[in-house]
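In: Below are the sequence and a predicted model; questions follow.
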Amino acid sequence: MATTSNRHARRSRWISAAWVAATALVAGCVSMTEPECRSANWYDYGWRDGLSGLRPMIDVYTYQCRALKVEASETDYMKGWNEGKWEYDSRVHRSDCCPT
């Protein structure tokens, strides 16, 4: 029989996986508008994607915004993504699922 801690860890991993999958699905379907491309805080976009556990999506944003004659800032995006991914990894590894 699973302990409460093991059940909690499994449920937590399932919820995290479902949230990441839903976020990835939505991110893949949404196009950016010209005002969104022009006013985007690329660091925040990167941080959000990294915190979600997503792979970097800068290529998608660059493609969408370039079609609108706007350049995405890969430098800012990747700085945010690296910091968001670090936070995501630290949350996953700090969970009670696994001894450190």
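Out: Right, received. Where do you want to start?

In: right, and Ala40 touches Leu68 too?
Out: No. Using Cβ atoms under 8 Å, Ala40 is not in contact with Leu68, being 11.2 Å away. For every residue, glycine as well, the C-beta is placed using N, CA and C.

In: And the two? Which one has more around it.
Out: Taking Ala40 and Leu68 together and counting by other Cβ atoms under 10 Å, Ala40 has the greater number of neighbours (18 against 14).

In: Contact partners for that one?
Out: Contacts for Ala40 were tallied using Cβ atoms under 8 Å, 6 or more residues apart in numbering; they are 32, 61, 65, 72.

In: re earlier: got any residues that touch both of Ala40 and Leu68?
Out: Common contacts of Ala40 and Leu68, defined by Cβ under 8 Å, 6+ apart, comprise Met32.

In: Trp78 and Gly50, how far apart?
Out: That one is not Trp; residue 78 is Met. When distances are taken as Cβ to Cβ, to the nearest Å, Met78 and Gly50 turn out to be 9 Å apart.

In: More neighbours: which of those two?
Out: More crowded of Met78 and Gly50, by other Cβ under 10 Å: Gly50, with 25 against 17.
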